[in-house]
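**Student:** have a look; sequence and predicted model below, questions after that.
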Amino acid sequence: MNSRKPAEVVKGAVEAAAAKVTEALTPDVPGSPGSAPAPLEEPTTPVAPLPPKDEQGAPDTRTPTGAETGVPPTAKGQQGAYLTTANGTRLRDTDHSLKAGPRGPILLQDHHFREKITHFDHERIPERVVHARGAGAHGTFTGYGSADGVTCAGFLAKGKETPVFVRFSTVLGSRGSADTVRDTRGFATKFYTDEGTFDLVGNNMPVFFIQDAIKFPDIIHAGKPHPDREIPQAQSAHDTFWDFVSLHTEAQHHTIWNMSDRGIPRSYRTMEGFGVHTFRLINAANETVLAKFHWKPKLGVHSLDWEEAQIAAGMDPDYHRRDLYDAIEAGAFPEWELGIQVFPDTPEETFAGIDLLDPTKIVPEELAPVQAIGKLVLNRTPTNYFAEVEQVAFHLGHLPPGIDVTNDPLLQGRLFSYVDTQLTRLGGPNFSQIPINRPHAPVNDMLRDGFHQHAVHAGVAPYKPNSLDGGNPFEAGDAEQAFLDFPVRVAEAPKVRENPVSFDDHYSQVRLFWQSMSPVEKEHIIRAYTFELAKCYEQAIKERQLRCLANIDPVLCEQVATGLGLPAPEPTVPLVDVEPSPALSQVGGEWPADGRVIGVVVDETDMAGVDEVRQAVFAAGMTPLLIAAHGGKVGGLPVQRTFATARSIEFDAILLAAAPAPAPDALPARGATAGAAGGTVDPRVILLVEEAWRHAKAVVAWGTGETVLTQAGVKDTPGVVTAGSGPEAFAALQPLLAAHRAWERFPASVA
């Protein structure tokens, strides 16, 4: 009989679990689902909740009014070793309802059943109308001090570290849609600054479909699935979208960005972010400039090939979310620099003839360089997706001193819409008190009561002026870093529903984008327009969009028209001469390979060389995944993928350490990728290499692996290399990775 006290038993079990966690902190590859390995049998000894995984974080343990509590983040999680009701009463059984006899009806008095099922029935809150499909992470932002001359915002001071939470998302799809659809991505950042929360709510494209917020319901209704059938999901390849954008031609600039490779990012880690709007910055001397915000990824801007996106949507719909979290777990922390384009704050609010209040226009970086003002690093994954990613609430009106809005009509409408949305989605006006939304600055707002009020306010006088609470709270001035609504002079004018004349140019910047693309990128744009318009049913919509393309570029229009089997129309507006902007192209640079995933095809051949390569890949900040005929281990090394489960989309490059013979399960009856019989190499390995080649990924072989290149018919082509050993193969691979793809492998028929 065990004479130990229950507390000692629990303590011992916790220590044992913690020891297992320590052993598991450095797995070979990221992706372990829990903080400790799961035993084969169901555990029966009570233990306290296991600690979070090493890479996980959580909102600060603040009070609803912003004060630090000093308690650990785990204090917000479940407590104790035993199952309880929501009010803490321990339960003996949660598998059986309380019934009138074993075969009788359930009794109304079963309070545990009612609590459990009622909570389950209400677990889901209304999903976001847009940006429903998202992923988020915690991190830190460090100011460079380089913005001191243009803004007094304290979080931008040199060396100042500010906690952040970032949410990435798609726009059109539901929460259950795939990550790799062609769509705009949200890039929303919540800065928990000492001076109040700052929400920079942007996208991965610097322009938007509309110039005025009153059109927002129209573009979203047009882009969403058709209301009668609710198809197609998470895509714009349908009649209502193209009907709208071909009629509402101010949408053409954003549309061509969407049809480019930018519409399908390789990863959130390789995605630019833009504040879209022009903001007003105010410095310590109350001087102002206008500015646009940019996020520049450390790894460069890269995208998925169309076939890769389709494969990923079927093989791994969570591709972007998994990539983000695996990279953080592996220590390859995603990084961006925050930059600003700065413009004089003139009464005209224009720069180089470009209206800065028009959200469908960019200012090319060659005209106004992006100046780096700080660095963002994401280093912790959520502890609970719902509590953090789903309940985080952004609002463009969350501004710190030193940053103000402009009269951009889209921005003005968003200032109203975001708060209005949260009232329904998060159940009331107190959404800022949800832990992920709580500010890290003291709060004394005189707002009281309402649904989900977590604060316990003291005092009797939540009004101003008052004497009963000693006059508290008091208004602040410049010395106390109060927010300043800058007194911009508003011109006397009649009330009208109009846009300025400068908003009427809908094509010159679309042409600028097209002319700035490389031949390969132009081919991808042509392919995207052709595919999307071919999915439309109405012939008139296809013809109307071709008219828009004719006003962008005759080659683009002709090529898309040919694919649709339609004549190419003539332009209806003059085609302007534009100076290409190299900053808009994704091709031609070199970038770090941090966090890349390398697939290594193995059998029992040269496992010593494979182990050397594996260690070298880890040391270079990348992740090696061994691919073999079966799971378990090969040559004493763990296998992460099998020939039956591996596809090129998972990997940034392929290393071939062997030419594995067809495995016993290489049968067409087991899967289409097994292929037909014939050849000395497993057909799924051949398919893997063929796919990687089609997607312009680097492929390097050594030893017998060279046989695979020959049988796949890719030997001696760009980006395909042979080496004498494993270490030599990895050395040859690294410069190929820096370019992201072997771009010369993509054919191009347009200049």
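**Tutor:** Okay, I see it.

**Student:** so where do the strands sit in the stretch 101-250 of the chain?
**Tutor:** According to DSSP state E, counting those that start in this stretch, the stretch 101-250 of the chain carries its strands in the segments 134-143, 161-170, 185-193, 196-203.

**Student:** bridging residues for the residue nearest the centre of the chain?
**Tutor:** By C-alpha atoms, centre = their mean, the chain has its centre lying nearest to F168, at 3.1 Å. Note on F168: beta-bridge partners by DSSP bridges are A135, F187.

**Student:** with distance to L447 and mean pLDDT as added columns, please give the strands of the stretch 101-250 of the chain in JSON lines.
**Tutor:** Where C-beta positions appear, they are placed from N, C-alpha and C, glycine not excepted. Converted to JSON lines, the strands of the stretch 101-250 of the chain look like this (distance: least, C-beta to C-beta, whole Å; pLDDT from 0 to 100):
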{"stretch": "strand 134-143", "distance to L447": "26", "mean pLDDT": "98"}
{"stretch": "strand 161-170", "distance to L447": "23", "mean pLDDT": "98"}
{"stretch": "strand 185-193", "distance to L447": "19", "mean pLDDT": "97"}
{"stretch": "strand 196-203", "distance to L447": "15", "mean pLDDT": "96"}
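
**Student:** if we can go back for a sec, may I have the residues that are in contact with the residue nearest to the centre of the chain?
**Tutor:** 134-136, 185-188, 268, 271, 320, 324 (C-beta atoms under 8 Å, 6 or more residues apart in numbering).

**Student:** tell me the two of those that are most distant?
**Tutor:** Greatest spatial distance in the contacts of F168: A188 and H320, 15.0 Å, computed using C-beta to C-beta.

**Student:** looking at these two, which one has more neighbours?
**Tutor:** H320 (28 against 22; other C-beta atoms under 10 Å).

**Student:** report all helices and strands that the strand or helix carrying that one contacts.
**Tutor:** Element membership for H320, per DSSP states H and E: helix 319-329. Counting contacts by 3 or more C-beta pairs under 8 Å, 6 or more residues apart in numbering; DSSP states H and E, helix 319-329 packs against strand 134-143, strand 371-380.

**Student:** how about a cut-off of 6 Å?
**Tutor:** Here helix 319-329 touches no other helix or strand, going by 3 or more C-beta pairs under 6 Å, 6 or more residues apart in numbering; DSSP states H and E.

**Student:** what strands flank the next helix or strand after that helix, and is each parallel or antiparallel?
**Tutor:** Sequence-wise, the next helix or strand downstream of helix 319-329 (DSSP H and E) is strand 335-344. Taking DSSP bridges as the criterion, strand 335-344 forms sheet pairs with strand 288-297 (antiparallel), strand 371-380 (antiparallel).

**Student:** contacting residues around strand 335-344?
**Tutor:** For strand 335-344, the external contacting residues (C-beta atoms under 6 Å, 6 or more residues apart in numbering) are 289-298, 351, 363, 368, 370-377.

**Student:** apply 8 Å and report the result again.
**Tutor:** If you take C-beta under 8 Å, 6+ apart as the criterion, strand 335-344 is touched by 141, 147, 150, 273, 278, 281, 289-299, 351, 356, 363, 365, 368-378.

**Student:** surely A561 touches V555?
**Tutor:** No - applying C-beta atoms under 8 Å, one finds A561 not in contact with V555, separated by 10.7 Å.

**Student:** who's more crowded, these two?
**Tutor:** A561 (21 against 16).

**Student:** which other helices and strands contact the host helix or strand of that one?
**Tutor:** Assessed by DSSP H and E, A561 sits inside helix 554-564. Judged by 3+ C-beta pairs under 8 Å, 6+ apart, helix 554-564 is in contact with helix 519-534, helix 539-550.

**Student:** can I get the CA coordinates of the longest one in PDB?
**Tutor:** Once non-C-alpha atoms are left out, helix 519-534 reads as follows in PDB (Å, rounded to 0.1, in the frame of the first residue of the first chain):
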ATOM      1  CA  PRO A 519       9.100  38.100 -67.500                       C
ATOM      2  CA  VAL A 520       8.500  35.100 -65.200                       C
ATOM      3  CA  GLU A 521       6.200  37.200 -62.900                       C
ATOM      4  CA  LYS A 522       4.300  38.500 -66.000                       C
ATOM      5  CA  GLU A 523       3.700  34.900 -67.100                       C
ATOM      6  CA  HIS A 524       2.200  34.100 -63.600                       C
ATOM      7  CA  ILE A 525      -0.100  37.200 -63.800                       C
ATOM      8  CA  ILE A 526      -1.300  36.100 -67.200                       C
ATOM      9  CA  ARG A 527      -2.000  32.600 -65.900                       C
ATOM     10  CA  ALA A 528      -3.900  34.000 -62.900                       C
ATOM     11  CA  TYR A 529      -6.100  36.300 -64.900                       C
ATOM     12  CA  THR A 530      -6.800  33.500 -67.400                       C
ATOM     13  CA  PHE A 531      -7.700  31.000 -64.800                       C
ATOM     14  CA  GLU A 532      -9.900  33.300 -62.700                       C
ATOM     15  CA  LEU A 533     -11.800  34.700 -65.700                       C
ATOM     16  CA  ALA A 534     -12.300  31.200 -67.200                       C
END
